[in-house]
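S.K.: coords below, sequence missing:
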(Lines give C-alpha, C1' and ligand atoms only; values in the text may rest on other atoms or scores of the structure.)
Protein backbone atom coordinates (compact mmCIF):
# COMPACT_ATOMS: atom_id res chain seq x y z
CA UNK A 1 0.00 0.00 0.00
CA UNK A 2 1.35 3.44 -0.93
CA UNK A 3 2.35 5.76 1.90
CA UNK A 4 -0.43 8.28 1.16
CA UNK A 5 -3.04 5.54 1.26
CA UNK A 6 -1.61 4.17 4.51
CA UNK A 7 -1.89 7.63 6.04
CA UNK A 8 -5.43 8.05 4.68
CA UNK A 9 -6.49 4.68 6.09
CA UNK A 10 -5.00 5.55 9.48
CA UNK A 11 -6.67 8.94 9.44
CA UNK A 12 -10.05 7.43 8.66
CA UNK A 13 -9.72 5.11 11.67
CA UNK A 14 -9.39 8.05 14.05
CA UNK A 15 -12.61 8.89 15.90
CA UNK A 16 -12.27 12.60 15.14
CA UNK A 17 -11.75 12.03 11.38
CA UNK A 18 -14.41 9.39 10.87
CA UNK A 19 -17.05 11.88 9.67
CA UNK A 20 -14.76 14.44 8.04
CA UNK A 21 -15.53 14.96 4.34
CA UNK A 22 -13.20 13.55 1.68
CA UNK A 23 -12.43 17.09 0.51
CA UNK A 24 -11.28 18.14 3.99
CA UNK A 25 -9.32 14.92 4.41
CA UNK A 26 -7.52 15.45 1.08
CA UNK A 27 -6.55 18.97 2.12
CA UNK A 28 -5.06 17.65 5.35
CA UNK A 29 -3.21 14.86 3.57
CA UNK A 30 -1.55 17.34 1.21
CA UNK A 31 0.27 18.79 4.23
CA UNK A 32 1.03 15.52 6.02
CA UNK A 33 4.63 14.37 6.34
CA UNK A 34 5.99 10.98 7.36
CA UNK A 35 8.85 10.74 9.86
CA UNK A 36 10.95 7.72 10.75
CA UNK A 37 11.76 7.84 14.45
CA UNK A 38 14.35 5.51 15.94
CA UNK A 39 13.85 3.68 19.22
CA UNK A 40 14.20 6.00 22.25
CA UNK A 41 14.19 9.15 20.10
CA UNK A 42 11.64 11.87 20.87
CA UNK A 43 8.78 12.76 18.56
CA UNK A 44 7.89 15.65 20.83
CA UNK A 45 9.49 17.16 23.91
CA UNK A 46 7.87 18.73 26.92
CA UNK A 47 7.39 22.49 26.30
CA UNK A 48 7.99 22.21 22.53
CA UNK A 49 5.81 24.73 20.72
CA UNK A 50 4.45 25.25 17.20
CA UNK A 51 4.29 21.55 16.43
CA UNK A 52 1.54 19.59 14.75
CA UNK A 53 -0.86 16.72 15.14
CA UNK A 54 0.72 13.27 15.17
CA UNK A 55 -0.30 9.71 14.32
CA UNK A 56 1.51 6.46 15.01
CA UNK A 57 1.56 4.80 11.58
CA UNK A 58 3.69 1.93 12.87
CA UNK A 59 5.57 1.23 16.08
CA UNK A 60 4.81 2.47 19.60
CA UNK A 61 5.08 5.88 21.28
CA UNK A 62 5.01 6.65 25.00
CA UNK A 63 3.46 9.86 26.32
CA UNK A 64 4.85 10.82 29.72
CA UNK A 65 5.13 13.84 31.99
CA UNK A 66 8.71 14.51 33.13
CA UNK A 67 9.71 15.85 36.53
CA UNK A 68 12.73 17.95 37.46
CA UNK A 69 13.84 15.03 39.65
CA UNK A 70 14.38 12.93 36.54
CA UNK A 71 11.30 10.78 37.21
CA UNK A 72 8.37 10.51 34.82
CA UNK A 73 4.67 9.72 35.03
CA UNK A 74 3.55 7.55 32.13
CA UNK A 75 0.26 8.71 30.61
CA UNK A 76 -0.30 6.34 27.69
CA UNK A 77 1.55 4.00 25.35
CA UNK A 78 0.18 4.58 21.86
CA UNK A 79 0.22 2.04 19.05
CA UNK A 80 -0.72 1.99 15.35
CA UNK A 81 -3.58 4.29 14.37
CA UNK A 82 -3.63 6.43 17.53
CA UNK A 83 -3.23 10.21 17.37
CA UNK A 84 -1.82 12.78 19.79
CA UNK A 85 -1.12 16.51 19.94
CA UNK A 86 -4.65 17.92 19.75
CA UNK A 87 -4.29 19.97 22.94
CA UNK A 88 -2.09 22.54 21.19
CA UNK A 89 -4.16 23.01 18.04
CA UNK A 90 -6.26 25.91 19.31
CA UNK A 91 -3.29 28.08 20.22
CA UNK A 92 0.47 27.76 20.13
CA UNK A 93 0.65 26.34 23.62
CA UNK A 94 3.74 24.33 24.57
CA UNK A 95 3.47 20.58 24.80
CA UNK A 96 2.62 19.31 28.28
CA UNK A 97 4.31 15.92 27.86
CA UNK A 98 7.13 14.03 26.17
CA UNK A 99 6.41 11.68 23.28
CA UNK A 100 9.15 9.08 22.83
CA UNK A 101 9.35 6.11 20.45
CA UNK A 102 9.63 2.81 22.35
CA UNK A 103 10.59 0.99 19.12
CA UNK A 104 11.53 2.14 15.61
CA UNK A 105 8.36 3.92 14.49
CA UNK A 106 6.76 5.75 11.59
CA UNK A 107 5.04 8.96 12.62
CA UNK A 108 2.67 11.08 10.56
CA UNK A 109 2.64 14.80 11.32
CA UNK A 110 0.10 17.33 10.10
CA UNK A 111 1.29 20.88 10.91
CA UNK A 112 -0.84 22.94 13.25
CA UNK A 113 -1.19 25.65 10.59
CA UNK A 114 -2.65 23.11 8.13
CA UNK A 115 -5.24 21.94 10.65
CA UNK A 116 -6.25 25.54 11.43
CA UNK A 117 -6.44 26.53 7.76
CA UNK A 118 -8.47 23.46 6.78
CA UNK A 119 -10.83 23.98 9.73
CA UNK A 120 -11.64 27.48 8.45
CA UNK A 121 -13.18 25.90 5.36
CA UNK A 122 -14.49 22.84 7.20
CA UNK A 123 -15.36 23.96 10.76
CA UNK A 124 -16.82 20.55 11.60
CA UNK A 125 -13.21 19.44 12.10
CA UNK A 126 -13.16 21.40 15.36
CA UNK A 127 -16.44 19.80 16.40
CA UNK A 128 -15.04 16.31 15.95
CA UNK A 129 -11.68 17.18 17.50
CA UNK A 130 -13.46 18.70 20.50
CA UNK A 131 -15.54 15.55 21.01
CA UNK A 132 -12.43 13.37 20.74
CA UNK A 133 -10.47 15.53 23.17
CA UNK A 134 -13.40 15.53 25.60
CA UNK A 135 -13.17 11.74 25.75
CA UNK A 136 -9.49 11.87 26.69
CA UNK A 137 -10.16 14.68 29.16
CA UNK A 138 -12.79 12.62 30.97
CA UNK A 139 -10.33 9.75 31.17
CA UNK A 140 -7.63 12.07 32.54
CA UNK A 141 -10.03 13.42 35.19
CA UNK A 142 -10.84 9.87 36.23
CA UNK A 143 -7.14 9.07 36.38
CA UNK A 144 -6.52 12.14 38.57
CA UNK A 145 -9.25 11.05 40.98
CA UNK A 146 -7.58 7.65 41.32
CA UNK A 147 -4.12 9.17 41.78
CA UNK A 148 -5.32 11.60 44.45
CA UNK A 149 -7.85 9.62 46.46
CA UNK A 150 -7.42 5.88 45.89
CA UNK A 151 -4.79 3.52 47.34
CA UNK A 152 -2.10 1.99 45.16
CA UNK A 153 -3.90 -1.35 44.82
CA UNK A 154 -6.97 0.39 43.33
CA UNK A 155 -4.84 2.59 41.05
CA UNK A 156 -3.06 -0.47 39.72
CA UNK A 157 -6.33 -2.31 39.07
CA UNK A 158 -7.77 0.74 37.27
CA UNK A 159 -4.71 1.08 35.03
CA UNK A 160 -4.80 -2.62 34.15
CA UNK A 161 -8.47 -2.32 33.18
CA UNK A 162 -7.62 0.58 30.86
CA UNK A 163 -4.75 -1.40 29.32
CA UNK A 164 -7.05 -4.37 28.80
CA UNK A 165 -9.62 -2.18 27.03
CA UNK A 166 -6.99 -0.74 24.67
CA UNK A 167 -4.54 -3.59 24.13
CA UNK A 168 -5.90 -6.72 25.77
CA UNK A 169 -7.86 -9.71 24.54
CA UNK A 170 -11.20 -10.46 26.18
CA UNK A 171 -12.96 -13.80 26.25
CA UNK A 172 -16.35 -13.62 27.93
CA UNK A 173 -15.54 -12.83 31.57
CA UNK A 174 -11.73 -13.25 31.37
CA UNK A 175 -8.94 -11.28 29.68
CA UNK A 176 -5.29 -11.54 28.68
CA UNK A 177 -2.78 -8.71 28.47
CA UNK A 178 0.71 -9.01 26.99
CA UNK A 179 3.32 -8.26 29.65
CA UNK A 180 5.21 -5.72 27.53
CA UNK A 181 5.55 -3.32 30.45
CA UNK A 182 8.08 -4.10 33.16
CA UNK A 183 6.89 -3.80 36.75
CA UNK A 184 9.08 -0.72 37.05
CA UNK A 185 7.22 0.86 34.12
CA UNK A 186 3.88 -0.18 35.59
CA UNK A 187 4.93 1.49 38.83
CA UNK A 188 5.33 4.74 36.86
CA UNK A 189 1.75 4.33 35.61
CA UNK A 190 0.39 4.34 39.15
CA UNK A 191 2.89 6.56 40.99
CA UNK A 192 4.21 3.73 43.13
CA UNK A 193 7.48 1.83 43.54
CA UNK A 194 8.46 -1.37 41.74
CA UNK A 195 8.62 -3.19 45.09
CA UNK A 196 5.07 -2.11 46.01
CA UNK A 197 3.70 -3.14 42.62
CA UNK A 198 5.50 -6.48 42.80
CA UNK A 199 3.98 -7.14 46.23
CA UNK A 200 0.44 -6.43 44.96
CA UNK A 201 0.92 -8.73 41.95
CA UNK A 202 2.07 -11.51 44.31
CA UNK A 203 -1.05 -11.00 46.41
CA UNK A 204 -3.27 -11.02 43.34
CA UNK A 205 -1.58 -14.17 42.08
CA UNK A 206 -2.31 -15.92 45.40
CA UNK A 207 -5.92 -14.70 45.27
CA UNK A 208 -6.39 -15.74 41.63
CA UNK A 209 -7.13 -12.17 40.44
CA UNK A 210 -4.14 -11.62 38.13
CA UNK A 211 -1.56 -14.22 37.12
CA UNK A 212 1.63 -13.68 35.12
CA UNK A 213 2.05 -16.71 32.85
CA UNK A 214 4.50 -16.96 29.91
CA UNK A 215 4.89 -13.19 29.69
CA UNK A 216 1.15 -12.51 29.84
CA UNK A 217 -1.08 -11.09 32.54
CA UNK A 218 -4.07 -13.40 32.75
CA UNK A 219 -7.20 -12.12 34.45
CA UNK A 220 -9.60 -15.05 35.06
CA UNK A 221 -12.45 -12.72 36.06
CA UNK A 222 -12.40 -9.08 34.93
CA UNK A 223 -15.21 -8.25 37.36
CA UNK A 224 -12.98 -9.17 40.31
CA UNK A 225 -10.31 -6.77 39.02
CA UNK A 226 -13.00 -4.07 38.63
CA UNK A 227 -13.98 -4.60 42.27
CA UNK A 228 -10.33 -4.07 43.21
CA UNK A 229 -10.33 -0.80 41.27
CA UNK A 230 -13.31 0.51 43.24
CA UNK A 231 -11.98 -0.48 46.65
CA UNK A 232 -10.71 2.20 49.01
CA UNK A 233 -9.04 -0.31 51.31
CA UNK A 234 -5.24 0.15 51.44
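M.R.: Received it, and whenever you're ready, just let me know what you need. Bear in mind that the values here come from a model prediction, so they are computed numbers and not experimental data.

S.K.: list the buried ones in the helix ranked longest in the chain?
M.R.: Counting residues, the longest helix in the chain under DSSP state H turns out to be helix 124-149. For helix 124-149, a neighbour-count test (16 or more other CB atoms under 10 Å) marks 125, 126, 128, 129, 132, 143, 146 as buried. Backbone N, C-alpha and C define where each C-beta goes, glycine included.

S.K.: what's the closest of those to residue 76?
M.R.: Comparing these against residue 76 with CB to CB places residue 143 closest, at 10.0 Å.

S.K.: Now that closest one: closest residue in space, sequence neighbours ignored.
M.R.: Nearest non-adjacent residue to residue 143, counting by CB to CB, 6 or more residues apart in numbering: residue 158, 7.7 Å away.

S.K.: For the helix or strand hosting the one you found, name the packing helices and strands.
M.R.: Under the criterion of DSSP states H and E, residue 158 resides in helix 152-167. In terms of contacts (3 or more CB pairs under 8 Å, 6 or more residues apart in numbering; DSSP states H and E), helix 152-167 is packed against helix 124-149, strand 174-178, helix 183-190, helix 194-207, strand 216-219, helix 222-230.

S.K.: Quick one: mean pLDDT over the next helix or strand after that helix.
M.R.: Going down the chain from helix 152-167, the next helix or strand is strand 169-171, by DSSP H and E. Strand 169-171 carries an average pLDDT of 89.

S.K.: Can you point out the buried residues in the host helix or strand of residue 54?
M.R.: Using DSSP H and E, residue 54 sits within strand 53-58. Neighbour counts over strand 53-58 (16+ other CB under 10 Å) mark 53, 54, 55, 56, 57 as buried.

S.K.: count of residues packed around the residue nearest to the third one when sequence neighbours are not counted?
M.R.: Among residues not flanking residue 55 along the chain, residue 108 sits closest, at 4.2 Å (CB to CB, 6+ apart). When neighbours are defined as other CB atoms under 10 Å, residue 108 has 21 of them.

S.K.: Can you give me the pLDDT of residue 108?
M.R.: 91.

S.K.: Can you verify it is assigned to a strand?
M.R.: Yes - under DSSP: H, G, I helix; E, B strand; the rest coil, residue 108 falls within a strand.

S.K.: just checking, it touches residue 9?
M.R.: No - here residue 108 does not reach residue 9: they are 11.1 Å apart, not a contact under CB atoms under 8 Å.
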